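Participant: pasting the sequence and the predicted model now:
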Amino acid sequence: QVQLVESGGGQVQDGGSLRLSCAASGRIFFMDAMGWYRQAPGKQRELVASITAGGRTDYGESVDGRFTISRDGAGNTGYLQMNRLKPEDTAVYYCNVRVRPQIGAQSYDFWGQGTQVTVSS
């Protein structure tokens with residue numbers, strides 16, 4: 001089993017910044033990828049950003065150029081730096097990891113509990 005601890009959410013004014021963290025622990029032999037998703041009330045969950053083990057990043061169109069995803073080298077902690085936040089960024093942000101519990105095993109997805117980000121105008 002894998003546990004994810006998210007932190008860094010909160011309330012900020014339009015144009016402000018926040019940094020989210022996601023620390024993964026448990027049965028992790030290798031982390032294939034880490035990602036952040038968000039879900040606003042009445043909307044579907046959407047990809048915000050993702051990063052592979054090789055460092056390749058991918059961003060949702062609405063956050064590209066404002067958000068930056070990173071990982072602590074070969075560790076199991078990831079970050080989402082969010083700059084120039086807008087009211088439409090208000091949502092619950094979820095950390096997702098794709099990990100292999102042991103050598104040769106398939107990958108599995110795990111989700112965090114979510115952290116609220118509120119941007120006021």
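Facilitator: Yes, it's here. Numbering: from 1, shown residues only.

Participant: can you give me the neighbour number for the nearest residue to residue 85 once chain neighbours are set aside?
Facilitator: Nearest in space to residue 85, with sequence neighbours left out and distances taken as C-beta to C-beta, 6 or more residues apart in numbering, is residue 119 at 4.6 Å. The C-beta positions use only the backbone N, C-alpha and C, and glycine is treated the same way. When counting by other C-beta atoms under 10 Å, one arrives at 19 neighbours for residue 119.

Participant: what does the strand or helix carrying residue 119 contact?
Facilitator: Assessed by DSSP states H and E, residue 119 sits inside strand 115-120. Here strand 115-120 makes contact (C-beta atoms under 8 Å, 6 or more residues apart in numbering) with 6-14, 16, 18, 20, 38, 82, 85-93.

Participant: give me that answer again for 6 Å
Facilitator: With contacts defined as C-beta atoms under 6 Å, 6 or more residues apart in numbering, strand 115-120 is touched by 6, 9, 11, 12, 13, 14, 85, 87, 89, 90, 92, 93.

Participant: closest one of the residues you listed to residue 57?
Facilitator: Distance to residue 57 across the contacts of strand 115-120 (C-beta to C-beta) is lowest for residue 93, with 16.5 Å.

Participant: which residues does the closest one contact?
Facilitator: Neighbours of residue 93 in contact, by C-beta under 6 Å, 6+ apart: 20, 36, 38, 115, 117.

Participant: helix, strand or coil: sort out residue 99 for me.
Facilitator: Following DSSP: H, G, I helix; E, B strand; the rest coil, residue 99 is assigned to strand.

Participant: I figured it was touching residue 31, is that so?
Facilitator: Yes - using C-beta atoms under 6 Å, residue 99 is in contact with residue 31, at 5.0 Å.

Participant: for the residue nearest the centre of the chain, helix, strand, or coil?
Facilitator: By C-alpha atoms, centre = their mean, the mean C-alpha position of the chain lies nearest to residue 36, the distance being 2.5 Å. Using three-state DSSP, the structure places residue 36 in strand.

Participant: which stretches in this structure count as strands?
Facilitator: Counting by DSSP state E, the chain has strands at residues 2-7, 10-13, 18-26, 30-39, 46-52, 57-59, 67-71, 77-82, 91-100, 108-111, 115-120.
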